[in-house]
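J.: quick one: sequence plus predicted model below, questions after.
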Amino acid sequence: METKIYEAAVRTEYKTADIFKIIKKCFFDLTVVFFMTMKEIFLNLLKSKILKDIKGQLALVTGGANGIGFEIAKRLAAEGCSIIIFDINQNESFKAMMEIRHKFNVKVKVYKVDVSDFKAIQRAKNEIEFDFPGQSVDILVNNAGILSATSLKEGTFQQIQQIININLASHFWMTKIFLNEMIEKKKGHIVGICSLSAIEPIPKDVAYSASKFGTDGFYRALFDELAADNHDDYIFITCIFPNFTETRKEVTKYLEEIEAPGLSLTPEYVAEKTVDAIKRNKSNVFVPWYGRFFSIVSLLPLKVKKFVKCDLMLKKKNQ
Ligand SMILES: NC(=O)c1ccc[n+]([C@@H]2O[C@H](COP(=O)([O-])OP(=O)(O)OC[C@H]3O[C@@H](n4cnc5c(N)ncnc54)[C@H](O)[C@@H]3O)[C@@H](O)[C@H]2O)c1
């Protein structure tokens, strides 16, 4: 009996010593993290003033035939990049190609590719190797997406699956296929066009919102994967979170219905912020900048959140 009490006392003593060790280690680690953070904030401030020269680089924009993608392609061409567009709309792609060539006098090629189809992307990559000999993609902009207001109750299996495949899975496939060459060349920039609905979901738009939360998660995890293998010094990741952007009449109609017509952005503005982020190697960019504070909504009490999102937004839409 006595021995047991003695053993227990020794174990407690041992545990106390352990706790001190843990506290000491935590304090040391936190101090290191604090000073590293300060140093990085300072360096990033300095670095953000230096603009990367992207002239002569090969940029691939998915969904570049219309809207935000088209404007990004034009801005990259204005910077002197050669342009590749992957889009399913052949007519619009052709028009986009002619306009970019005419205005910016750079090499432009368009490929009819469904970015949710892994094999189609691989086939197009082989064509790129033929069309741009000796070059590989330096800047990849994963922009293609469908704007579909689909609730879980009313959306069909096909509609929901299509949103997940195009808006989310395509980012995996495009990146998987073009990343290896970037790693080999030790040079690259991958951009994902996400949405502010990845900060706070749009009511009754479950598939779209979830696809954008997934997109945000994909780029965070991709950064970690590259950092773990020390590729983060030469391959940069940028995720763009735009608010409603007037690219299609559906967006304008939706904003009119929720009585918020002045809330939307122009695709030109989103493209300007995107290319600026590429040139400054920024990681997360909210357009407009105060969009990052939309996450405050998730901290509201549930009844207040329901009032803001459903009573104010949806009821106006359904009136
Ligand atoms: N418009 C907005 O309000 C808004 C807001 C935030 C984020 N976004 C995001 O920005 C991106 C672009 O949106 P947009 O408004 O410019 O759209 P858009 O409809 O104007 O253009 C999208 C382009 O992608 C192409 N595309 C669609 N499916 C494709 C596929 N499977 N394979 C290849 N190309 C395909 C279309 O043909 C079109 O040219 C999307 O990811 C969207 O979710 C848009």
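T.: Structure received.

J.: list the contacts of stretch 68-79.
T.: Identification of contacts with stretch 68-79 by Cβ atoms under 8 Å, 6 or more residues apart in numbering yields 54-55, 59, 61-64, 83, 85, 87, 96, 99-100, 103-104, 106, 108, 139, 141, 143-144, 193, 242, 245, 247, 267-268, 270-272, 274-275, 278-279. Where C-beta positions appear, they are placed from N, C-alpha and C, glycine not excepted.

J.: ah, wrong one, I meant stretch 291-300
T.: 196, 199-200, 241-243, 284, 286, 305, 308-309.

J.: before we move on, the earlier item: of the contacts of stretch 68-79, list those near the ligand.
T.: The residues of the contacts of stretch 68-79 that also fall near the ligand, by Cβ under 6 Å from any ligand atom, are 62-63, 87, 143-144, 193, 242, 245, 247, 267.

J.: make JSON lines from those and add pLDDT to it.
T.: Converted to JSON lines, those look like this (pLDDT from 0 to 100):
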{"residue": "T62", "pLDDT": "98"}
{"residue": "G63", "pLDDT": "98"}
{"residue": "D87", "pLDDT": "98"}
{"residue": "N143", "pLDDT": "98"}
{"residue": "A144", "pLDDT": "98"}
{"residue": "I193", "pLDDT": "98"}
{"residue": "P242", "pLDDT": "97"}
{"residue": "T245", "pLDDT": "94"}
{"residue": "T247", "pLDDT": "93"}
{"residue": "P267", "pLDDT": "97"}
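
J.: now the residues you listed in a markdown table, with neighbour count, secondary structure and distance to I258?
T.: Shown next, in a markdown table, are these (neighbours: other Cβ atoms under 10 Å; DSSP: H, G, I helix; E, B strand; the rest coil; distance: Cβ to Cβ, whole Å):
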| residue | neighbour count | secondary structure | distance to I258 |
| --- | --- | --- | --- |
| T62 | 25 | strand | 29 |
| G63 | 28 | coil | 25 |
| D87 | 27 | strand | 29 |
| N143 | 28 | coil | 25 |
| A144 | 28 | coil | 26 |
| I193 | 29 | strand | 22 |
| P242 | 25 | strand | 17 |
| T245 | 22 | strand | 15 |
| T247 | 21 | coil | 17 |
| P267 | 21 | helix | 20 |
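
J.: farthest pair in these?
T.: D87 and P242 (18.8 Å; Cβ to Cβ).

J.: could you list which of the contacts of stretch 291-300 belong to strands?
T.: Secondary structure from DSSP state E places 241-242, 284, 286 of the contacts of stretch 291-300 in strands.

J.: what about burial for those, which qualify?
T.: Neighbour-count burial (16 or more other Cβ atoms under 10 Å) is assigned, among those, to 241-242, 286.

J.: before we move on, back to that, closest to M38 among the ones next to the ligand among the contacts of stretch 68-79?
T.: P242 (30.9 Å).

J.: tell me the residues of the chain that contact the ligand?
T.: 62-63, 65-69, 86-89, 92, 113-116, 143-147, 166, 193, 195, 242, 244-245, 247-248, 251, 267.

J.: Q122 in helix, strand or coil?
T.: Recorded secondary structure, Q122: helix (DSSP: H, G, I helix; E, B strand; the rest coil).

J.: same thing with K153?
T.: From three-state DSSP, the assignment for K153 is coil.

J.: neighbours of it, how many?
T.: Using other Cβ atoms under 10 Å, K153 has 7 other residues around it.

J.: ditto for S148
T.: 17.

J.: tell me the pLDDT at it?
T.: pLDDT, the model's per-residue confidence, is 82 for S148.

J.: can you check H102 too?
T.: pLDDT, read off for H102, is 97.

J.: what's the answer for K316, then?
T.: For K316, pLDDT reads 60.

J.: dump the residue contacts of the residue in the stretch 101-250 of the chain positioned nearest to the ligand.
T.: Proximity to the ligand, evaluated over the stretch 101-250 of the chain using Cβ to the nearest ligand atom, is greatest for G145 at 2.4 Å. G145 makes contact with 63, 166-167, 193, 211, according to Cβ under 8 Å, 6+ apart.
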